[in-house]
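# Provide a 3D model corresponding to the input given below.
(chains A and B)
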There are 2 protein chains.
Amino acid sequence: MHNMQARSATPLSARTRSNFTAFRSPSENPWKDLTDVETASVVQWLFQQPELNLTAANDAGEWDNTISLVELMRPNKSDVLQYLDHDQPPPTRYAHVVLDVRATLDPYYAEILVGPLPVTNQSATTWVPLEYPYTRKTQGRIRNLDADHDTIYSEWLYKISASIADITLDLFNGTALGLDNDTIRISGISPLWQHDGRIIRWDTFWNLPVDDFDASSILPLGLFFKSDVTGRDPSKWKLEGWFYNNIFYETTNAFRKAYYSPGFVKLPSNTEGDWARTDQQGPILPEDQKQPPVMVAPSGARYALDTDQKYVTWMGFSFYIGFSRDTGVSIFDVRYNGQRILYELGLQEALSHYAGNDPVQSSTAYLDSFYGFGPYTFELVKGYDCPIYATYLNTSFYESESTHTHIDSLCLFEYDADYPIQRHTTPSYVSTTKNIYLTLRSVSTIGNYDYTISYTFHLDGTIGIDVRASGYIQAAHSAHNTNYGYQIHSALSGSMHDHILNFKADLDILGTANSIELTSLVPITTSYPWSNPNQPRNTMHLSRRILSSETESRLNFISPNSQQTTMLSIINQDARNAYNESRGYRILPSSTSPPSSGHLTIINSSTLIHAAHWSEHDIQITQHHDHEPRSAHPYNNQDVYNPMINFNEFFDGGDLNQTDLVVWINLAMHHVPTTGDLPNTVMNTAVAGVRFVPGNYFTGDQSRGTVNMVRVGFGDDEDVVEVEAFGQAGERVEVVVRPVEEVLWG
Amino acid sequence: MHNMQARSATPLSARTRSNFTAFRSPSENPWKDLTDVETASVVQWLFQQPELNLTAANDAGEWDNTISLVELMRPNKSDVLQYLDHDQPPPTRYAHVVLDVRATLDPYYAEILVGPLPVTNQSATTWVPLEYPYTRKTQGRIRNLDADHDTIYSEWLYKISASIADITLDLFNGTALGLDNDTIRISGISPLWQHDGRIIRWDTFWNLPVDDFDASSILPLGLFFKSDVTGRDPSKWKLEGWFYNNIFYETTNAFRKAYYSPGFVKLPSNTEGDWARTDQQGPILPEDQKQPPVMVAPSGARYALDTDQKYVTWMGFSFYIGFSRDTGVSIFDVRYNGQRILYELGLQEALSHYAGNDPVQSSTAYLDSFYGFGPYTFELVKGYDCPIYATYLNTSFYESESTHTHIDSLCLFEYDADYPIQRHTTPSYVSTTKNIYLTLRSVSTIGNYDYTISYTFHLDGTIGIDVRASGYIQAAHSAHNTNYGYQIHSALSGSMHDHILNFKADLDILGTANSIELTSLVPITTSYPWSNPNQPRNTMHLSRRILSSETESRLNFISPNSQQTTMLSIINQDARNAYNESRGYRILPSSTSPPSSGHLTIINSSTLIHAAHWSEHDIQITQHHDHEPRSAHPYNNQDVYNPMINFNEFFDGGDLNQTDLVVWINLAMHHVPTTGDLPNTVMNTAVAGVRFVPGNYFTGDQSRGTVNMVRVGFGDDEDVVEVEAFGQAGERVEVVVRPVEEVLWG
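Below is the predicted model:
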């Protein structure tokens, strides 16, 4: 096999112990990040294209064009399969570039494709607008509402804040002027209001913590202001009103006048204290000062890893790791015993949609890929985020003409579940099997929230995703918010919100021609040849149905008829097992967050408009197209009426019967914070997951392959030890010991 | 405090290491098993009561009266609370006795109460029929359909089988004659058909494994026969027909005639092979021969245990352990920081309801407390079922005038979840907390299935139950069963079935006067003072509702309106926190089994009739009554039209607003077996659980109390190491290292 990597990442991994078997992947990783050489050469080449009029990031202001992103353009599946399955050369590499074009009155982001790589022959390298992966056909361009971020603060928000400094001092004992000694801060809604061509902001004030704790998002102050910031000329921006204690004031004068009128009601503030701090608090239990149990790996890692190609094998599984700015980790070409099960599995987008009586909470629906999961995938804490013995890998992202590397920000480890995967006791023996699994984990902290995302691999052939949330909630001032959350501190509402995380699961069951089977347990009343025809029996049966097309493929796991349980499997009807059942994998949601739905509670969100239609059902299936690689675009929040990717447009009636399918799965946490979310949300209940479970895929349970099992045989009779006896027909104490006759296996 | 225990269990625990802190419970355990002295004295006393006409078990035949059960009569809650909360003496102890009265034409089980204990003054001891805890008011008596178990086989089933021995030899190469060298066996439905006063059996033939493996339940042979076994006189029993290959034959002659007719279709048999064996099979992966990760407890256990009183404390939690023949482990008086959260938490019943085209699967609905979880709670395999370092405890049960003890059949251990309970990264620090939890576990193997039941305790104050299933499925012959399961082997259908396990959760939130609050996330369209009245906003809000009475307290977690997510909490409206929110605990189902319902799929089961109405909703709330201690009775299957406990009768409109409540929760696995269930079901996906989560109960997250956390501070700036540079505006590789400035906590 080729090795196109000229330089290895060795210098960066010096801190990582080599606790695994190093080996070479059978193929190059077609999804591998651009090498530093590739990125450097693309950046250099871009600066040489005069029509792009680029300025280096360090020199650029708000009216310059800069490079926002350079990363691998992930190759089309059709090309990758030619490489992996048909002995063709690896797909030609291209760079996916995003330009931040701000040297214009109408700033926009421009998606372009640069290549082919390497940039050796200058005349062969070109750039073209990147349009085909997006439903919006505007040459890969989308407006940038964030172009004047610095000016918005310096020339607008701080000046408005200054105009009522007397009031913020009185109310909050602070001012937000953009100075180092500000004790309150301003931030507002996302996405901005975009109705009728106007760009409207709502902003609010937050207390700053008095120490290092990152508690500002639980210190809202309850004063809001609205402004029209359409266009790039601050002189044309308009303050449109203030909102306080459920009263809207159209002007600063009106608000000021009311404020200084008798009877004006001042709300209490939220200020930091121990309640907002995550360090140990309260009496220490003596037993807690002993070392708690800890997982150890006495023989080191039992997986093999090609750190260069980011390729992993473990107990029959193999997969490649990819990483991107927008969505962090994805895994590719997931195989079991050499047979592909998933072409691609990865996060697409994470939505946090709030609601509330106030304009900021009501209008907040963070689409986190805008901020990017990649740049916020930070170093993991060994022994806490992952076991000390885990293998830690680095991740890289592009920023300001540089590749930044976060060391030890992915971890890979085996773990022993606290229960066996199989066991059975009989009078003559007991059989039980250890439940060892592999986890690939990263944590991305997008502002206040930490998302821990784990991909797991199990001995029975099951693959899982678990998302757990911790960090600080974004809370609301409690005034008039009773219907939107519990009051959880003196002036604080645990603002209700839905987290919906969309994952792409491009399963390929024994090839790409697959179908979706819905299998329902259905209550029925019927008679049988053996039953009394006058007394039909109330029982149940299975109903099996194949989804025909995209006209019926946007589904919720919970059927409106709640008496019926429906399971969803992806199968290959042309790959039947010996018993004529289609081989497949079942898609099994698993969650401790309120049972139920993986979809957004809000119907036709006024905040999202068309930006996140993927969030509206639990699981959605489309025909695979190279031009629909992703369900969401990081700049969808910049033009919610006309987003780069409108997921609804994926559903154009495509046939789903024995064709290449993509399953889009939502993991949801419907979060109504309580006092238990203070200071941070705890991860043992803030969790959503899904399992891909073999369904008639193998001939039997694959965990039978492991040697980490035991079968202990007992003697023919239980060995009863009579301890004491009391009188006639009285009580004996018999201790039943089943002596081990032999270890039958293990 | 008193110590009424005359003898300790020391001799029995000699094999258990003392790896925990031993101490004395603050009170006696009011739910503690009868001592051996108590049991012996009750048995002795019973044999002295001539009206009972008892025969010792070893001497008894099918026409003798015997003692089926002697165990503690669990005291009424009202009496226990007087003891625990009001300094009254411990409740008087009574023995709960079941007599198997078979010296009669109409055999029955008689529930009686014997006491008070100890049996010191003979004249003070009495027996009375036990009726008050049952909805059926028949002096604690229920008929025994199993009285002639031996005769049924010897005088009926084997004779019928012998009458077609030529056919079973031809079809199955075996006979079932009750001989040691039988190679096939007979078993049938449970409950028996009980319509119109007739008692009807359906039986079928199963292959026996050719070795030790307990695989018979996956070796059905597809031949069924029906018999009327009403009454105790075998001469009046009637064979009523045969069923084979979807054809019903009214007589043996008709079946025989057809069998020997041309064109009779013979079905293939299921025979044992490696596919049915649990030992290691297939090529051994080299990496798998290394020792996998293992949890160790370097400082020993961090809980304290009173082995005599079966009382446990851990990190603020405390509870008593109880154990019974019918349902195994229950826990009582679960407190956090001394405040009771649960009076009682324990299994009530486990239903496995099958369906199928054949009469045996269709008519099988095992109610497992009939067999009893207690006697089948076997010794655990150290290092597999629980960690090697766990504390193992013994359990005891009554059988044939003896107390039998299964050593090391409960385990108690701490474990480190593979993820932290809390974490947050900021530019200046990262904070993360270990997620250590306590588990109390037992495994009960009821025939083919092993139920692993774990009670868990978490640092945030959460309490959980997880039920996992393994062991052999009960499968069906595949003939004509396509609509009832997947075909999973040559002549085998993975017979569809619902497991529904009912748990009693008697929560007491700051006293017994509690309410149920339903909190729903509801999509709404509305306007606000700050929004455009001509453009109402699509958003969501919370709807909160208090359940008024038992007329509306039989609920499913999934609302028919699947857009709405509803959370259920038990709260005390008279115990508000500082912010006027009612303190409470949320009841959060968690499950990886098909999402969704905790209730039985079948509506008005023709098999169960009135025996398991508790299975028909996910969660049901009743007013607590001393006379409704349990939702199910182990002999409910003996008279399904008139069971000892008809759960429907609990719902008589009782007020649920600020009164003592009991929550009855169903954990369900809707199981459609696949080839992956062969040889055994795997426990990583066969799981159902529930969590009791603090909801505004504390002022903040209780996990802040642990010292097993760390906060690491970074320097003010990231330490960027520039590794290489390429030309103008070219690529630099920057390694972002955030040097630890200091460990801020931990």
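# use CA for all of it now, contacts and neighbours both
Will do.
# quick one: pLDDT of residue A:19?
pLDDT recorded at residue A:19 is 75.
# make that residue A:589, sorry
If you check residue A:589, the pLDDT there is 89.
# name the element it belongs to?
Element membership for residue A:589, per DSSP states H and E: strand A:582-591.
# swap in residue A:71?
Judged by DSSP H and E, residue A:71 forms part of strand A:66-72.
# anything in that strand near chain B?
No. Residues of strand A:66-72 contacting chain B under CA under 8 Å from any CA of the partner chain: none, with a closest distance of 10.7 Å.
# what is the mean pLDDT for the very next helix or strand once past that strand?
Going down the chain from strand A:66-72, the next helix or strand is helix A:77-86, by DSSP H and E. Mean pLDDT, computed over helix A:77-86, is 97.
# What are the buried residues along helix A:77-86?
Buried residues in helix A:77-86, defined by neighbour count with 16 or more other CA atoms under 10 Å in any protein chain shown: A:77, A:79-81, A:83-84.
# Sheet-wise, list the partners of the strand holding residue A:71 with their directions.
strand A:95-101 (antiparallel) (DSSP bridges).
# For the strand it pairs with, report the contacting residues that lie outside it.
For strand A:95-101, contacts defined as CA atoms under 8 Å, 6 or more residues apart in numbering or on different chains pick out A:34, A:39, A:42, A:64-73, A:107-117, A:144.
# Low-confidence stretches in chain A?
For chain A, applying pLDDT under 70 flags the ranges A:1-18, A:121-122, A:559-563, A:591-596, A:715-742, A:744-746.
# Show me the longest helix that occurs in it.
Taking DSSP state H as the assignment, the helix of chain A that covers the most residues is helix A:36-47.
# near chain B, anything from that helix?
Yes. Under the criterion of CA under 8 Å from any CA, chain B is reached by helix A:36-47 at A:36-37, A:39-41, A:43-44, A:47.
# Am I right that residue A:329 is in contact with residue A:344?
No. In this structure residue A:329 lies outside contact range of residue A:344 using CA atoms under 8 Å: 10.9 Å.
# more crowded one of those two?
residue A:329 (26 against 22; other CA atoms under 10 Å in any protein chain shown).
# ok, the more buried one - contacts?
A:321-323, A:346-347, A:374, A:442.
# Look at residue A:169 and tell me its secondary structure.
Under DSSP: H, G, I helix; E, B strand; the rest coil, the three-state class of residue A:169 is helix.
# How many neighbouring residues does the nearest residue to it once chain neighbours are set aside have?
For residue A:169, ignoring the flanking residues on the chain, the nearest one in space by CA to CA, 6 or more residues apart in numbering or on different chains is residue A:175 at 6.0 Å. Residue A:175 has 26 neighbouring residues, counting by other CA under 10 Å.
# Show the contacting residues for residue A:175.
Counting by CA under 8 Å, 6+ apart, residue A:175 has contacts A:161-162, A:165, A:168-169, A:182-185.
# Name all residues that make contact with the closest residue to residue A:570 other than its chain neighbours.
Excluding its sequence neighbours, the residue lying closest to residue A:570 (CA to CA, 6+ apart) is residue A:516, at 4.6 Å. For residue A:516, the contacting residues are A:546-547, A:568-571, A:656-657, by CA under 8 Å, 6+ apart.
# neighbour-wise, which of the residues you listed leads?
Neighbour-wise, those (other CA under 10 Å) top out at residue A:571, 28 neighbours.
# For residue A:312, name its beta-bridge partners.
With DSSP bridges applied, residue A:312 shows beta-bridge pairing to residue A:305, residue A:319.
# what about residue A:159, helix or strand, and which?
If you go by DSSP H and E, residue A:159 is part of helix A:158-163.
# on that earlier part again, can I get the contacts of residue A:175 in JSON lines with distance to residue A:464?
Formatted as JSON lines, these follow (distance: CA to CA, whole Å):
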{"residue": "A:161", "distance to residue A:464": "48"}
{"residue": "A:162", "distance to residue A:464": "52"}
{"residue": "A:165", "distance to residue A:464": "52"}
{"residue": "A:168", "distance to residue A:464": "49"}
{"residue": "A:169", "distance to residue A:464": "52"}
{"residue": "A:182", "distance to residue A:464": "46"}
{"residue": "A:183", "distance to residue A:464": "44"}
{"residue": "A:184", "distance to residue A:464": "43"}
{"residue": "A:185", "distance to residue A:464": "40"}
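# Would you mind checking those residues for buried ones?
Neighbour-count burial (16+ other CA under 10 Å) applied to the contacts of residue A:175 gives A:161-162, A:165, A:168, A:183-185.
# how long is stretch A:119-135 end to end?
Length of stretch A:119-135, first residue to last, CA to CA, to the nearest Å: 29 Å.
# so how far is it from its chain's centroid?
30 Å (CA atoms, centre = their mean, to the nearest Å).
# How about stretch A:383-403?
The answer for stretch A:383-403 is 17 Å, by CA atoms, centre = their mean.
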